[in-house]
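**Q** return a 3D structure for these sequence lines:
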Amino acid sequence: MDVLAKIIETTGFANISGGNLIMIAIGCVAIYLAIVKHYEPLLLLPIGFGVIAGNIPSLATLPIGVYDTTANGFGQNSVFSMIYWGVTSGIFPPLIFMGIGALTDFSSLISSPKSVLLGAAAQIGIFATFLGALALGFTDLEAAAIGIIGGADGPTSIFLSSQLAPHLLGPIAIAAYSYMALVPVIQPPIMKLLTSPAERRIKMKPPRIVSQQEKIIFPIIVTIVAALIAPGSLSLVGMLMLGNLMKESGVTGRLAKSVSTSLLDICTVLLSFAVGASTQAIRIVDGVNVGFLTPKAIGIFGLGLISFAVATFGGLIFAKFMNLFLKEKINPLIGAAGVSAVPDSARVVHHFALQYDKTNHLLMHAMAPNVAGVIGSAIAAGVFIGIFQ
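**A** Sure thing, here's the model as predicted:
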């Protein structure tokens, strides 16, 4: 009977809490959205499964969780903790950026340099949310990590929170990826509110043809300028541009293919799963509950939604402002693509414009501020690192 009692004590059934059940249900919802609704399946499916795995309770002596690094007093690390180390050390996000760079065509941005301004304007969501988080009582480091959600860039959010506020990494990452998946839901109402039917029908000239030489020079110049502006952005912007240079150089096609497929997929799966597994319902650190089901963590989701809305607002308003001075008017809808959700935001802009004119194709025009937003959010993260780390 003693042996039987000990066996029962080691099961998850004996240690599970209501919070664990809630988080497991959230993980199941994420998997449902990924499979049935096709909302960011490459991210939400491993995140959702990670949430389930991270909330399976166990004895303190069992090294199975992402936070178990000294189990049994022998310095034994769990398998999940070693994967999670790739997240907290900041390794996975830059590798993902390199893969994204190898997949990205910056031709639209090169052909329309003024689109950089739209990508920069959308970053107002980051700094507005930073101030809002400070007003709600978050520390400087926590507010900076939360603010980057406004860029709608998951890897950048994870990278910054791992450097400044690792105890909030789970909620921040889940919020960032959730809003990336909800771009088609969040942005259209704001675009409809801030633009007129006539503005939505504005047609833009096709982008000019960009030479191969321009494509090769571009990532080199961007890396130098961005790193000089914000040295802390070098890890992200440098790897993004390295991947793009491998793609455009014409001499490293095999490397570009490897980092944009195998390496990108591997890092995405490991990062997404580890982030999901870090969302324990209750986690006590120095006598304080820093788990997922806390008012602070829930407040992050509210701030993240506000930041994403403000970023969309900033891009749209600045596009309308630019039209006051431009002879060739731009369609202000492309300003909404200044957030970093590539290419989802550009696609949303494209399909929204088609509702008012079936011949008005804005995808390539929207991609310019969209990729500019990726660079902008990485630079914003570098600014915060330089100030607070």
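**Q** distance check, the most centrally placed residue in the chain against residue 347.
**A** Closest to where the C-alpha atoms of the chain average out (CA atoms, centre = their mean) is residue 154, at 1.4 Å. Distance, residue 154 to residue 347, by CB to CB, to the nearest Å: 17 Å. From N, CA and C alone the C-beta is placed, and that goes for glycine too.
**Q** about what we covered before: was I right about the residue nearest to the centre of the chain contacting residue 43?
**A** Yes - here residue 154 reaches residue 43: they are 6.9 Å apart, a contact under CB atoms under 8 Å.
**Q** tell me, what's touching these two both at once?
**A** 177, 180 (CB atoms under 8 Å, 6 or more residues apart in numbering).
**Q** next, the buried residues of stretch 77-91.
**A** 78, 80-81, 83-84, 86-88, 91 (16 or more other CB atoms under 10 Å).
**Q** same question, stretch 238-256
**A** Buried residues in stretch 238-256 (16+ other CB under 10 Å): 238-248, 252, 255-256.
**Q** what sits up against it?
**A** With CB under 8 Å, 6+ apart as the criterion, stretch 238-256 contacts 94-95, 97-104, 106, 212, 215-216, 218-220, 222-223, 227, 259-260, 374-375, 378.
**Q** need the buried ones from the residues you listed selected in ChimeraX.
**A** Command for ChimeraX, covering only those of the contacts of stretch 238-256 found buried under the criterion 16+ other CB under 10 Å:
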select :94,95,97,98,99,100,101,102,103,104,106,215,218,219,222,223,227,259,260,374,375,378
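**Q** if I look at the residue nearest to the centre of the chain, how far off is residue 148?
**A** In terms of CB to CB, residue 154 sits 10 Å off from residue 148.
**Q** what do those two both touch?
**A** With CB under 8 Å, 6+ apart as the test, residue 154 and residue 148 both reach residue 176.
**Q** who are the contact partners of residue 11?
**A** Counted by CB under 8 Å, 6+ apart, residue 11 has zero contacts.
**Q** ok, now how distant is it from residue 117?
**A** 58 Å.
**Q** one more: residue 218?
**A** The value you get for residue 218 to residue 117, if CB to CB is used, is 17 Å.
**Q** which helix or strand lies directly C-terminal to the longest helix belonging to the chain?
**A** The longest helix of the chain (DSSP state H) is helix 295-322. Elements were assigned by DSSP states H and E; along the chain past helix 295-322, the next helix or strand is helix 344-354.
**Q** where does the prediction get shaky in the protein?
**A** 70-76, 286 (pLDDT under 70).
**Q** domains of it?
**A** Annotated domains of the chain cover 1-58, 79-388 [automatic domain parsing].
**Q** out of those, which is closest to residue 67?
**A** Of all the domains of the chain, it is domain 79-388 that lies closest to residue 67, at 6.6 Å by CB to CB.
**Q** end-to-end on the closest one?
**A** This stretch, domain 79-388, spans 31 Å end to end (CA to CA, to the nearest Å).
**Q** can you tell me the helix or strand for residue 25?
**A** helix 18-35.
**Q** circling back: in helices only, show me the contacts of stretch 238-256.
**A** Using DSSP H, the contacts of stretch 238-256 in helices are 94-95, 97-103, 212, 215-216, 218-220, 222-223, 227, 374-375, 378.
**Q** measure how buried residue 1 is and give me the count.
**A** Per other CB atoms under 10 Å, the neighbour tally for residue 1 reads 5.
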